[in-house]
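> here is my input, please return the structure:
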Amino acid sequence: MTDSQDTGASPTLESSSTPGSARAGGPPSAGGAPASTADEAPASTAAPADGNPVVTAPPGTRTAAEVVTPEVAARLTRGVVSGGGRTANHTPFTGEKLADLPESAPEDVATAFARARAAQERWARVPVRQRAAVLLRFHDLVLRRQAEVLDLIQLETGKARLHAHEEVQAVAVAARHYGRKGPAYLRPKGHTGVVPTLTKVTELRQPKGVVGQIAPWNYPLELSVGDALPAFVAGNAVVMKPDTETALTALWAREQLIEAGLPEDVWQVVIGEGPVVGPAVVEHADYVSFTGSTRTGREVAQGAAARLVGVSLELGGKNAMLVLHDADVEKAVAGAVRGCFSSAGQLCISIERLYVHESVADDFLRRFAARTKAMRLGNSLTYGADMGSLVGERQLATVTRHVEEAVAKGAELVAGGRPRPDIGPYFYEPTILDGVEGPMAVCGEETFGPVVSVYRFSDEDEAVALANATPYGLNSSVWTKDGRRGRALAARLRTGTVNVNEAYAASYGSAQSPMGGMGDSGLGRRHGAEGILKYTEAQTVAHQRVIPLAPSFGMTDEQYARFMTRSLRVLKALRLR
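Sure, this is the predicted structure:
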């Protein structure tokens with residue numbers, strides 16, 4: 001996630017920006033602003049004749065005021081630990097206030113951890129299968145009530161509804177996976193002892209205690225509860241600081257999980273500015289889970305290291321997609337549209353660099369530009385739009401700066417390249433740049449918006465070198481009709497996940513496999529065994545039987561040493577490990 005997402009001056013422990021810190025738009029409305037449509041746009045911001053088409057909301061579409069009523073906001077925020085401070089979040093669709101929220105102070109964070117510690121001791125004594133069963137019930141509640149959370153995700157992030165549904169899918173997959181596999185991951189494991197049969201060794205997995213989680217705004221369901229689920233199965237409590245602008249989505253997930261059987265105090269939530277609340281979370285946590293920018297991730301890691309506390313970090317990326325000479329161009333183009341513009345490019349694993357073999361580059365770029373220009377933009381709580389809004393003014397400023405600087409220095413604007421205030425204050429057209437070179441910021445910095453740069457290559461070694469020429473290493477994509485070649489090339493790319501003939505969803509959705517970054521893209525992994533074992537402490541219990549590991553039965557020290565020497569040679573001959 002781009003460093004432009006940080007809130008306030010360094011040091012800050014906000015996972016991402018507070019997008020509403022400099023909001024445009026009309027005055028706040030107590031009941032929440034309606035999600036605007038193109039028909040409601042001011043006459044002074046008419047749609048450009050050659051711009052991306054706009055999806056108009058059908059009659060009867062729900063509005064923000066109907067979704068986030070004061071009663072709904074009060075119900076969802078009831079569990080926030082706060083001493084009485086107040087803040088608010090906003091909807092990117094209009095820039096207006098969405099809801100009043102309680103605000104936490106550092107002393108409230110300490111209170112939340114105290115409550116969580118008391119609850120965690122009781123929760124850890126619940127059999128692991130019962131803890132895991134909570135996730136399976138939660139899975140069903142999320143799917144049954146998905147319309148509620150889809151509305152919240154859209155209103156808080158501005159993304160298209162189909163992209164919001166990706167979060168529902170990801171959370172359901174994680175809940176099912178750890179609900180089924182969690183007990184097996186945590187099951188006691190026997191190991192061969194120093195003296196086989198005489199030394200019985202068991203590896204246990206004990207919970208860390210209370211996990212401090214700092215969650216970002218861009219995927220407020222998946223990157224909040226999705227990351228917390230394995231921590232709960234492992235017997236931990238969680239104190240979470242969601243981004244203020246997307247707190248309602250995380251709080252909705254908490255409400256469903258409590259209904260599914262999670263004790264209320266096991267999941268504590270605090271809300272507040274990153275520089276104020278974030279350091280307090282790190283100060284009290286037994287383990288820290290953070291998703292956000294690389295710059296802030298380093299600060300989180302330093303704070304945790306000072307206390308000898310473990311940390312997992314999923315950070316920024318400048319992800320590359322490689323289109324080989326034998327790729328199915330039409331399928332690669334469709335994959336590029338998904339990979340570059342899902343959630344308006346505000347996805348840590350989205351594609352920002354496109355490397356296309358010179359033999360197919362012109363055909364690819366022509367088709368890619370046509371599909372990109374035809375993408376439908378929209379701001380209503382319905383399906384049909386291909387892309388939504390950026391989250392706020394800061395993201396819009398970063399995207400605008402990267403594109404305008406690149407064009408000024410000689411890059412060609414193939415598609416997009418302009419804001420769309422006729423739809424909403426932070427809309428920006430999906431953008432393709434050609435002729436981007438090193439001095440341009442968009443070449444090396446993470447944009448975190450709907451902007452992709454296209455580059456040409458002549459051979460696969462060159463493509464690998466170009467893709468790896470970045471300090472980031474989060475995700476990459478390879479397109480070819482030869483699956484064996486694609487997998488072999490994937491193994492040469494320095495990223496935590498690589499997708500062959502898919503942009504990002506295949507690897508991320510495979511919940512049994514680890515997902516995370518190399519280099520400046522982070523530490524640790526989510527998903528799979530690593531995604532739950534990181535929330536545990538390994539404990540070895542060794543039971544020595546019959547004879548001690550010391551001279552016995554009248555042996556002298558020298559006799560014992562000779563006996564152990566012979567025994568070690570025999571154990572090697574028997575190929576014991």
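
> how long is stretch 433-447 from one end to the other?
13 Å (Cα to Cα, to the nearest Å).

> from the chain's centroid, how far away is it?
The chain centre lies 24 Å from the centre of stretch 433-447; the measure is Cα atoms, centre = their mean, to the nearest Å.

> list the buried residues of that stretch.
Leu433, Asp434, Gly435, Val436, Met440, Val442, Cys443, Glu445, Glu446, Thr447 (16 or more other Cβ atoms under 10 Å). Just so you know, the C-beta spots here come from the backbone N, C-alpha and C atoms, and that holds for glycine as well.

> keep only those of those residues that are in helices.
Secondary structure from DSSP state H places Val442, Cys443 of those in helices.

> so which residues of the stretch 1-150 of the chain form strands?
Ranges of strands in the stretch 1-150 of the chain, per DSSP state E, counting those that start in this stretch, are 85-90, 97-103.

> closest to Ser476 out of these?
Closest to Ser476 of these, according to Cβ to Cβ: strand 85-90, at 33.7 Å.

> give me the pLDDT value at Val541.
If you check Val541, the pLDDT there is 98.

> and for Arg577?
Predicted confidence (pLDDT) for Arg577: 79.

> quick one: it from Tyr287, how far?
30 Å (Cβ to Cβ, to the nearest Å).

> give me the more crowded residue out of those two.
A count of neighbours by other Cβ atoms under 10 Å puts Tyr287 above the other of Arg577 and Tyr287, at 23 against 6.

> relative to Ala174, how far out is the closest residue in space to that one that isn't next to it in sequence?
Closest residue to Tyr287 apart from its sequence neighbours, by Cβ to Cβ, 6 or more residues apart in numbering: Lys208 at 4.2 Å. From Lys208 over to Ala174 the distance is 19 Å, taken as Cβ to Cβ.

> neighbour count winner among those two?
Neighbours per residue, other Cβ under 10 Å: of Lys208 and Ala174, the larger number sits with Ala174, 24 against 21.

> I'd assumed Ala231 was in contact with that one.
No. At 11.5 Å, Ala174 does not count as touching Ala231 under the criterion of Cβ atoms under 8 Å.

> report the buried residues of the longest helix seen in the chain.
Ranked by residue count, the top helix of the chain under DSSP H comes out as helix 161-186. Going by neighbour count (16+ other Cβ under 10 Å), the buried part of helix 161-186 is 161-179, 181-183, 185-186.

> again, but for stretch 286-300
For stretch 286-300, by 16+ other Cβ under 10 Å, it's 286-297, 299-300.

> now stretch 82-92
Neighbour-count burial for stretch 82-92, counted by 16+ other Cβ under 10 Å, picks out Ser82, Thr87, Ala88, Asn89, His90, Thr91, Pro92.

> quick one: terminal-to-terminal distance for that stretch?
OK, stretch 82-92 end separation, Cα to Cα: 26 Å.

> cool, stretch 272-291 as well?
In stretch 272-291, first residue to last residue: 16 Å (Cα to Cα).

> any idea how far the residue nearest the centre of the chain lies from Thr398?
By Cα atoms, centre = their mean, the mean C-alpha position of the chain lies nearest to Leu223, the distance being 4.5 Å. In this view, Leu223 and Thr398 are 20 Å apart by Cβ to Cβ.

> Leu136: what's it in contact with?
Ala175, Arg176, Gly179, Arg180 (Cβ atoms under 8 Å, 6 or more residues apart in numbering).

> and what of Tyr428?
By Cβ under 8 Å, 6+ apart, the residues touching Tyr428 are Ala344, Leu390, Leu396, Val399, Thr400, Gly416, Arg418, Pro419, Arg420, Gly449, Pro450.

> which strand residues bridge it?
Residues in a beta bridge with Tyr428, per DSSP bridges, are Pro419.

> what separates it from Trp479, distance-wise?
26 Å.

> can you check Trp252 too?
The value you get for Trp252 to Trp479, if Cβ to Cβ is used, is 37 Å.

> also Pro230?
Pro230 is 32 Å from Trp479, by Cβ to Cβ.

> more crowded one of those two?
Pro230 (33 against 27).

> not counting its neighbours along the chain, what's nearest that one?
In space, and not counting its chain neighbours, Pro230 is closest to Ile532: 3.8 Å by Cβ to Cβ, 6+ apart.

> ok, the one you found touching Asp227?
No. Using Cβ under 8 Å, Ile532 is not in contact with Asp227; the gap is 10.8 Å.

> between those two, tell me which one has more neighbours.
Between Ile532 and Asp227, counted using other Cβ under 10 Å, Asp227 has the larger neighbour count: 26 against 23.

> SS state for the more buried one?
Following DSSP: H, G, I helix; E, B strand; the rest coil, Asp227 is assigned to helix.

> give me the below-cutoff pLDDT ranges for the stretch 151-300 of the chain.
Nowhere does the stretch 151-300 of the chain drop to pLDDT under 70.

> what of the chain?
Checking the chain against pLDDT under 70 turns up 1-44.
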